[in-house]
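Trainee: model this:
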Amino acid sequence: MRRVVCPGSFDPVTNGHLDIIGRASSLYDEVYVAIGFNRAKRSGLFTIEERIDMLHEVVEQYGNVRVEAFEGLLVNFCKEREIPAIIKGLRAVTDFDYELQMAQMNYGLTEVETLFVATNPLYSFLSSSLIKEVATYGGDVSGLVPETVLRRLTERLAQG
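Mentor: All right, here's what the predicted structure looks like:
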């Protein structure tokens, strides 16, 4: 069985994330969406549990995608589940500089491969941070996140 992991913080999940997950789903037998977190850091806008719920909802259309949270090194998550590869979307050259270093470190630690996928140009500017910032100031992000995520984002921001 061919397995791959698509890691991220997904706070919140965007249409750009879903594009990469969907493309990975068509290439691999099993795709793990791994939500990384650090107990020592502030949890973000959404809790890990909320992110898991949102991701379950939006990846439901794919029958071969699992959603799990992890703490620590991604390569340990991979090793425990016998996942030989990580798939990452690249938006720009600046992403590549950082991701290449991570890929080389991960391979050096456990020989887990990293595969880079060029982001769909429709989503090349998207990031969870940008979505949160624009939404905080009342900007329309409705075409940039799934409907269920938009609803939760709007509710959370209204709570202050």
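
Trainee: now A69: how far from F77?
Mentor: Counting by C-beta to C-beta, to the nearest Å, the gap from A69 to F77 is 10 Å. The way it works is simple: take the backbone N, C-alpha and C, and place the C-beta from them, glycine included.

Trainee: what sits against the residue nearest to T114 when sequence neighbours are not counted?
Mentor: Excluding its sequence neighbours, the residue lying closest to T114 (C-beta to C-beta, 6 or more residues apart in numbering) is A103, at 3.5 Å. Shown in contact with A103 (C-beta atoms under 8 Å, 6 or more residues apart in numbering): I86, K88, T114, F116.

Trainee: any idea of the mean pLDDT for the biggest helix by length in the chain?
Mentor: Ranked by residue count and defined by DSSP state H, the top helix of the chain is helix 93-110. Throughout helix 93-110, pLDDT has a mean value of 93.

Trainee: which residues touch the next helix or strand after it?
Mentor: Note on helix 93-110: by DSSP states H and E, the next helix or strand toward the C-terminus is strand 113-118. Strand 113-118 is contacted from outside by 4, 20, 23-24, 84-90, 96, 99, 102-103, 106-107, using C-beta under 8 Å, 6+ apart.

Trainee: May I see the ChimeraX selection of the buried members of those residues?
Mentor: Burial among those is assessed by 16 or more other C-beta atoms under 10 Å; the matching ChimeraX selection reads:
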select :4,20,23,24,86,87,88,89,90,99,103,106
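
Trainee: Which of A69 and F77 has more residues huddled nearby?
Mentor: Higher neighbour count among A69 and F77: F77, with 21 against 16, using other C-beta atoms under 10 Å.

Trainee: if we can go back for a sec, now do the shared contacts for A69 and F77.
Mentor: By C-beta under 8 Å, 6+ apart, A69 and F77 have these common neighbours: A34.

Trainee: What ranges does the protein have for its strands?
Mentor: Counting by DSSP state E, the chain has strands at residues 3-8, 30-37, 65-71, 85-90, 113-118.
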